[in-house]
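Novice: take this sequence and fold it.
(2 chains)
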Amino acid sequence: MALRVYDTRSREKRKLSTLDDGKVRMYVCGITPYSPSHLGHARCYLAFDMVHRWLEASGYDVDYVQNFTDIDDKILDISDSEGVEYSVVANRNIDDYLEVMDAMNVLRADHYPRVTDTIPEIIDMVSTLVDKGHAYVGDDGVYFEIDTAPEKFGQLTGQTLEMVRAGAGGRVEDTGSGKRDHRDFALWKRVKPSEPSWDSPWGAGRPGWHIECSAMSLKHFGEQFDIHGGGHDLRFPHHEAEIFQSECCTGSEPVVGYWMHNGFVNVNGEKMSKSLGNFRTIRDAFEHHAPLALRYALLSVPYRNPIDLTPEFLGDAAIHYDRLVEAYGTSLSSDTESNSDLSGASDRFTAAMDDDFNTRAAIIEVQKVVASSIGSDVAIWLEEHAGNILGLLPSSDEVRSGLAQIDSARAEVAERVESLLVEREAARKSSDWGRADEIRDELVSMGVVVEDGQDGPTWHLA
RNA sequence: GCACGGGUGGCAGAGCAGCUAUGCAAUGGACUGCAGAUCCAUGGACCCGGGUGCAAAUCCCGGCCCGUGCUCCA
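Specialist: This is a model prediction of the structure:
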């Protein structure tokens, strides 16, 4: 039994083997905070939160770094139009991000470095690349020269230099004017005096898009680390650019042991994007779905597969989530054991998670336990597996206080309900269905649902 | 065009050589004044064509179709 992780670079699941035994250094590309977080972000950071939790549950000491790209063209566009500092826009959206992630039980990373706090390290890295001949200074910035390390090209996407040359077509002219080759990419962009900028040996400017991740991972982890995560779309060019920058700077390779990429979110079968008008923020989704029900939905498909968030899919997840919480609550207040085979469920759960974090298969084990048993041992099992590992449960205190609230709400109406039910049973006995249904309607209007069973009626709050 | 990932029952979605996936929906039954809930049971699938195996959704070859990427993107 060993954890196997799919690595985009080698295109296979490999047994996890880390640089230091028992320790995992994990870097995940964070957000560019130019807008409120959307469902694609939810999928990505929920996936890596799950990875984080499973690694720790498996006994690893995890050092988890996730950056904020807090200076960028889109942030500047927004701050210009609002007439505020770029940091106002960035901080507002970072706060939004952390809030919605907290609501979905995402554990905090150990470090959230920002580009604007990493400028000296970025400048050092660019300087080294220039000194080593991997980068050159053009008239509008500093560029990495792909032809100095062509063997590193295509490690994550399988593309060759020729393919990208052919495929880029008309877009070539739009990219930096100082490039010698369109496949080269910017390390440092010289900017207009009116824009926020930092001094550098190449003039005032700001970092290119890819360099911050290389600089931050080098700063926090050193020359090599174990897991690098991010969205599927970042494989090229962003992550391939990181390989160039990091490995050419330090000379150590591979910079990353396992490249992990999560699949995309579709909405009703279409890729979620602003141009299609089906772009949804996490906050909007909270209007219709409990944060943890949303988490349930997003974890119920293996992280590498695309996921289509249709109303039916989200509705199913909400049903399962409610059942899970109910079973947990009932089990919490039980003082007898279920006598069911929980160790078999544990084994299958572990095997599923060890197989490249197959949360779908793991959740099925949770569903089976939820469906089949109630007991104090079930409460403990659910708390560990559905709660601590998958992060799908509110805390036991929250569940208990939720139950207590329901109890007190029940107690408030209990007397009235019981007397109405007595009256209704009398009506039913004399086959006065009109009167019986009238009383049931009255109870419904009080928010009480009546269910007739073999041993007489039972009721609960809607 | 090139690269990568896919095509599984009504729907969603695992499995990736042999053993009921699962959930929702459906059907039959129990219960039932009606409703609801619950319980039991049942049917139903692996894109097409070849190949290798005792055995193929699962491996190989060839098609067809879909998604994503190819310098905004998690």
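Novice: and the closest residue to RNA strand B within the stretch 101-250 of chain A, how many neighbours?
Specialist: Closest residue of the stretch 101-250 of chain A to RNA strand B, C-beta to the nearest atom of the strand: residue A:231 (2.1 Å). The way it works is simple: take the backbone N, C-alpha and C, and place the C-beta from them, glycine included. By other C-beta atoms under 10 Å, the residues close to residue A:231 number 20.
Novice: if we ignore the residues flanking it in sequence, what's nearest it?
Specialist: Using C-beta to C-beta, 6 or more residues apart in numbering and skipping the chain neighbours, the partner closest in space to residue A:231 is residue A:44 (5.3 Å).
Novice: and residue A:153, what is it in contact with?
Specialist: Counting by C-beta atoms under 8 Å, 6 or more residues apart in numbering, residue A:153 touches A:146, A:159, A:160, A:161, A:164, A:240.
Novice: let me know the secondary structure of the residue nearest to residue A:231.
Specialist: Following DSSP: H, G, I helix; E, B strand; the rest coil, we place residue A:44 in the helix state.
Novice: sorry, back to before: need the contact list for the residue of the stretch 101-250 of chain A closest to RNA strand B.
Specialist: For residue A:231, the contact set (C-beta under 8 Å, 6+ apart) comprises A:29, A:40, A:44, A:261, A:262, A:264.
Novice: quick one: secondary structure of the second one?
Specialist: Reducing the assignment to helix, strand or coil with three-state DSSP, the entry for residue A:40 is helix.
Novice: only C-alpha atoms, please: export the strand or helix carrying residue A:348 in PDB.
Specialist: Assigning secondary structure by DSSP states H and E places residue A:348 in helix A:342-354. This file holds the C-alpha atoms of helix A:342-354, laid out as PDB (Å, rounded to 0.1, in the frame of the first residue of the first chain):
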ATOM      1  CA  LEU A 342     -15.800  -0.200   9.100                       C
ATOM      2  CA  SER A 343     -12.300  -1.500   8.700                       C
ATOM      3  CA  GLY A 344     -13.200  -2.900   5.300                       C
ATOM      4  CA  ALA A 345     -14.500   0.500   4.400                       C
ATOM      5  CA  SER A 346     -11.300   2.100   5.700                       C
ATOM      6  CA  ASP A 347      -9.200  -0.100   3.600                       C
ATOM      7  CA  ARG A 348     -11.100   0.600   0.500                       C
ATOM      8  CA  PHE A 349     -11.100   4.300   1.200                       C
ATOM      9  CA  THR A 350      -7.300   4.300   1.700                       C
ATOM     10  CA  ALA A 351      -6.700   2.300  -1.500                       C
ATOM     11  CA  ALA A 352      -8.800   4.800  -3.400                       C
ATOM     12  CA  MET A 353      -7.000   7.800  -2.100                       C
ATOM     13  CA  ASP A 354      -3.700   6.100  -2.600                       C
END
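Novice: helices and strands around that helix, which ones?
Specialist: Helix A:342-354 sits against helix A:359-372, helix A:376-382, with contacts defined as 3 or more C-beta pairs under 8 Å, 6 or more residues apart in numbering; DSSP states H and E.
Novice: again, 10 Å this time
Specialist: Packing contacts for helix A:342-354, counted by 3 or more C-beta pairs under 10 Å, 6 or more residues apart in numbering; DSSP states H and E, involve helix A:39-57, helix A:359-372, helix A:376-382.
Novice: output the below-cut-off pLDDT ranges for the stretch 51-200 of chain A.
Specialist: Scanning the stretch 51-200 of chain A for pLDDT under 70 picks out A:163-177.
Novice: strands of that one, start to end?
Specialist: Taking DSSP state E, counting those that start in this stretch, the strands of the stretch 51-200 of chain A run over residues A:61-66, A:135-138, A:141-144, A:185-190.
Novice: direction included, what does the last one pair up with?
Specialist: Partner strands for strand A:185-190, per DSSP bridges, with pairing direction: strand A:141-144 (antiparallel), strand A:205-207 (antiparallel).
Novice: is it positioned near RNA strand B?
Specialist: Yes: using C-beta under 7 Å from any atom of the strand, strand A:185-190 reaches RNA strand B at residue A:185.
Novice: re earlier: check contacts around the residue nearest to residue A:231.
Specialist: A:28-31, A:37, A:229-232, A:234, A:261-265, A:298, A:303 (C-beta atoms under 10 Å, 6 or more residues apart in numbering).
Novice: next: residue A:64.
Specialist: So residue A:64 contacts A:24-28, A:48-49, A:51-52, A:55-56, A:107-112, A:220, A:227, A:229 (C-beta under 10 Å, 6+ apart).
Novice: ranges for the helices of the stretch 251-400 of chain A?
Specialist: Per DSSP state H, counting those that start in this stretch, the stretch 251-400 of chain A carries helices over the ranges A:282-288, A:291-299, A:311-332, A:342-354, A:359-372, A:376-382, A:396-429.
Novice: which of the contacts of residue A:44 fall in strands?
Specialist: A:28, A:229, A:230, A:231, A:261, A:262, A:265 (DSSP state E).
Novice: ok, what's across the strand from the residue of the stretch 101-250 of chain A closest to RNA strand B?
Specialist: Beta-bridge pairing of residue A:231 under DSSP bridges involves residue A:262.
Novice: now, of the contacts of residue A:231, which are buried?
Specialist: Buried residues within these, counting neighbours by 16 or more other C-beta atoms under 10 Å: A:29, A:40, A:44, A:261, A:262, A:264.
Novice: just send those residues back as TSV, with distance to RNA strand B too.
Specialist: Formatted as TSV, the buried ones among the contacts of residue A:231 follow (distance: C-beta to the nearest atom of the strand, whole Å):
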residue	distance to RNA strand B
A:29	4
A:40	2
A:44	4
A:261	8
A:262	6
A:264	4
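Novice: need the worst-confidence member of the residues you listed.
Specialist: Minimum pLDDT across the buried ones among the contacts of residue A:231 is recorded for residue A:264, with 82.
Novice: ok, it to residue A:304 distance?
Specialist: Distance of residue A:264 to residue A:304, given as C-beta to C-beta, to the nearest Å: 10 Å.
Novice: show me where pLDDT drops low in the stretch 351-462 of chain A?
Specialist: Within the stretch 351-462 of chain A, no range satisfies pLDDT under 70.
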